[in-house]
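Student: structure here, sequence nowhere to be found:
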């Protein structure tokens, strides 16, 4: 509902032709993060002035504001100087591309990136193509640019492209399959994805905090609680006292 009412589904329509939803609970998680920094801002105010305040984070407003940062585009000005929507992101073909053996994000960003990429592929003609030579012209021809990158990407393996792009400082990333996050040395080595033991459910996989704090390192300190596990410490009554409170009173 929030993705529909905040314009997120419309962005998907502009990019794919169908107003689909992002395959993650984007609104929930984005609003949770917004709640965190909103509360922190209120805490700073309270500690400075001694006064508290009400904090509201409307979900549709939050996601719409998130989307309009770049997608307000030409409607940033009044009167508008162009359509809404950041066309680099919504143009067909703005997606990962197939390589000879997999998938990768190959996204030359600057004029130099684009020229270097095409030269590395042996396509000097495209390196000098005026359609891609400056931002104004490129904005009109993103679809053709992505199409050419997609065709060329098939000529080499993901590893080959990774080495070429690293040498030329071209934005690149292999597509991580979700299953690989469980064994990828980068994510397991950092402790982001790790195994833990639950007292009743056994071994399970947990996702840790992604931030790195030098003085106060963050970590998952305990397992997901069972139903009612923390009732006593939350309400301040012991188990026997709770049982007495909820048991029928005898006549």
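Tutor: Alright, I've got the coordinates. All values derive from a computational prediction rather than experimental measurement. Numbers count the residues shown, from 1 in each chain.
Student: any low-confidence regions in this structure?
Tutor: 239, 246, 248-251 (pLDDT under 70).
Student: where do the strands sit along it?
Tutor: Remark: strands assigned in the chain by DSSP state E are 97-98, 103-106, 172-174, 193-198, 202-207.
Student: right, so these: which one is the most enclosed?
Tutor: Neighbour counts (mean count of other Cβ atoms under 10 Å) averaged over each of those peak at strand 103-106, with a mean of 19. The C-beta positions use only the backbone N, C-alpha and C, and glycine is treated the same way.
Student: so what strands line up beside that strand?
Tutor: strand 97-98 (antiparallel), strand 172-174 (antiparallel) (DSSP bridges).
Student: wouldn't residue 104 be in contact with residue 174 here?
Tutor: Yes - the criterion here is Cβ atoms under 8 Å, and residue 104 meets it with residue 174 at 5.0 Å.
Student: and residue 149, how many residues sit next to it?
Tutor: By other Cβ atoms under 10 Å, 19 other residues sit near residue 149.
Student: which residues sit in contact with it?
Tutor: Residue 149 is in contact with 97, 106, 108, 117, counting by Cβ atoms under 8 Å, 6 or more residues apart in numbering.
Student: longest helix of the chain?
Tutor: Criterion DSSP state H: the longest helix present in the chain is helix 26-49.
Student: thinking again about what came up before, dump the strands of the chain into a markdown table; add distance to residue 215 as well.
Tutor: Listed next are those as a markdown table, based on distance: least, Cβ to Cβ, whole Å:
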| stretch | distance to residue 215 |
| --- | --- |
| strand 97-98 | 42 |
| strand 103-106 | 34 |
| strand 172-174 | 31 |
| strand 193-198 | 22 |
| strand 202-207 | 23 |
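Student: residue 144: which of those is closest?
Tutor: With distances scored as Cβ to Cβ, the stretch of those nearest to residue 144 is strand 97-98 (14.3 Å).
Student: list the buried residues of stretch 59-67.
Tutor: 59-60, 62-64, 66-67 (16 or more other Cβ atoms under 10 Å).
Student: before we move on, back to that, for residue 51, find the nearest of the strands of the chain.
Tutor: With Cβ to Cβ, the closest approach to residue 51 among the strands of the chain belongs to strand 202-207: 36.9 Å.
Student: burial count for the residue nearest to residue 115 when sequence neighbours are not counted?
Tutor: Setting aside the residues directly before and after it, residue 115 is nearest to residue 127 in space (Cβ to Cβ, 6 or more residues apart in numbering), at 4.3 Å. Here the number of neighbours of residue 127 (other Cβ under 10 Å) works out to 18.
Student: check contacts around residue 127.
Tutor: Per Cβ under 8 Å, 6+ apart, neighbours of residue 127: 114-116, 118-119.
Student: what does residue 40 give?
Tutor: Residue 40 neighbours (Cβ under 8 Å, 6+ apart): none.
Student: of all the strands of the chain, which lies closest to residue 55?
Tutor: Per Cβ to Cβ, nearest to residue 55 of these: strand 202-207, 26.5 Å.
Student: now that closest one against strand 193-198, angle please.
Tutor: 140 degrees (axes from the mean of the first three to the mean of the last three Cα atoms, to 10 degrees).
Student: tell me which other helices or strands strand 202-207 touches.
Tutor: Judged by 3 or more Cβ pairs under 8 Å, 6 or more residues apart in numbering; DSSP states H and E, the packing partners of strand 202-207 are strand 193-198.
Student: pull the residues that contact the strand it packs on.
Tutor: Residues outside strand 193-198 that contact it (Cβ under 8 Å, 6+ apart) are 181-182, 187-188, 203-208, 220, 223-224.
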